[in-house]
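K.L.:
Take a look and give me a structure for this.
(2 chains)
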Amino acid sequence: SAVISQKPSRDICQRGTSLTIQCQVDSQVTMMFWYRQQPGQSLTLIATANQGSEATYESGFVIDKFPISRPNLTFSTLTVSNMSPEDSSIYLCSVVGSGRRRGGELFFGEGSRLTVL
Amino acid sequence: LAKTTQPISMDSYEGQEVNITCSHNNIATNDYITWYQQFPSQGPRFIIQGYKTKVKNEVASLFIPADRKSSTLSLPRVSLSDTAVYYCLVGVGTFGNEKLTFGTGTRLTIIP
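P.N.:
Predicted coordinates for the structure are as follows:
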């Protein structure tokens, strides 16, 4: 299993500002993901955070808007830049646990709920 | 990536068995089928995973027909605490370049 801590758990932000979300895992993991979950919606993958290289972004998400760092195998940050009310969402950090399950198992943090005014 | 289709919502009474079916017509040979449960204000958590036939654990059963183009999550004797959104995912999350993509999920509401 993997225990994931996210900070902040929630925040209220002003339009035009940026906020960095931190994700700390209690073990070294190869694959880390950032998801966005808009109110009442499913999870949408933003990007895969790669250790030692640039993140891989999904269609519709760009590095200038969502810069990601992955300095080591247990930590990553996601920045939501130049925020607008449309960025109000829950942002979730996720990792693939190593070991038991051949098809993989995703572990999630509790999420960071951002409200942009 | 194999796309999944699930009912948007379901209601059931306490004590009933609930079956949620997921369609994944384009499932690949290496893909596993995994179900997650999400409560409000929490991240999704793993329920069960299978490749073919039937899998059972302490909370659910997963039925997968021979063609693997669908799967059914079965929750026995549901209670109010089973009210959640249930996601079916298809892929391989351990190795390679496969990404686990969430579909719409099924919002299950248990009625007292």
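
K.L.:
Quick check: the closest residue in space to B:Ile33 that isn't next to it in sequence vs A:Thr20, distance?
P.N.:
Closest residue to B:Ile33 in three dimensions, ignoring its sequence neighbours and counting by CB to CB, 6 or more residues apart in numbering or on different chains: B:Ser71, at 4.8 Å. In short, each C-beta sits where N, CA and C put it, glycine included. Using CB to CB, to the nearest Å, B:Ser71 is found at 38 Å from A:Thr20.

K.L.:
Same drill for the two, tell me which one is more crowded.
P.N.:
Between B:Ser71 and A:Thr20, B:Ser71 has the larger neighbour count (other CB atoms under 10 Å in any protein chain shown), namely 25 against 14.

K.L.:
Strand partners (parallel or antiparallel) of the helix or strand hosting the more buried one?
P.N.:
Assigned by DSSP states H and E, B:Ser71 falls within strand B:70-75. Using DSSP bridges, the neighbouring strands of strand B:70-75 in the sheet come out as strand B:18-23 (antiparallel), strand B:61-64 (antiparallel).

K.L.:
Give me the distance between stretch A:73-92 and the centre of its chain.
P.N.:
With CA atoms, centre = their mean, to the nearest Å as the basis, the distance from the averaged C-alpha position of stretch A:73-92 to the chain average is 6 Å.

K.L.:
Straight-line length of that stretch, end to end?
P.N.:
Distance across stretch A:73-92, first residue to last, is 17 Å (CA to CA, to the nearest Å).

K.L.:
Any residue of that stretch touching chain B?
P.N.:
Yes. Figure legend: stretch A:73-92 in contact with chain B (CB under 8 Å from any CB of the partner chain); contacting residues A:Leu92.

K.L.:
now the helices: where do they sit in chain A?
P.N.:
For chain A, none of the segments meets the definition of helices by DSSP state H.

K.L.:
hang on, isn't B:Ile110 packed against B:Ser12?
P.N.:
Yes. The pair B:Ile110 / B:Ser12 is scored as a contact, 5.8 Å apart, by CB atoms under 8 Å.

K.L.:
Name the residues contacting each of those two.
P.N.:
Shared between the contact lists of B:Ile110 and B:Ser12 (criterion: CB atoms under 8 Å, 6 or more residues apart in numbering or on different chains) are residues B:Val78.

K.L.:
rewinding a little: any idea what the residue nearest to B:Ile33 is bridged to?
P.N.:
For B:Ser71, the residues forming beta bridges with it (DSSP bridges) are B:Cys22.

K.L.:
Good, wrapping up.
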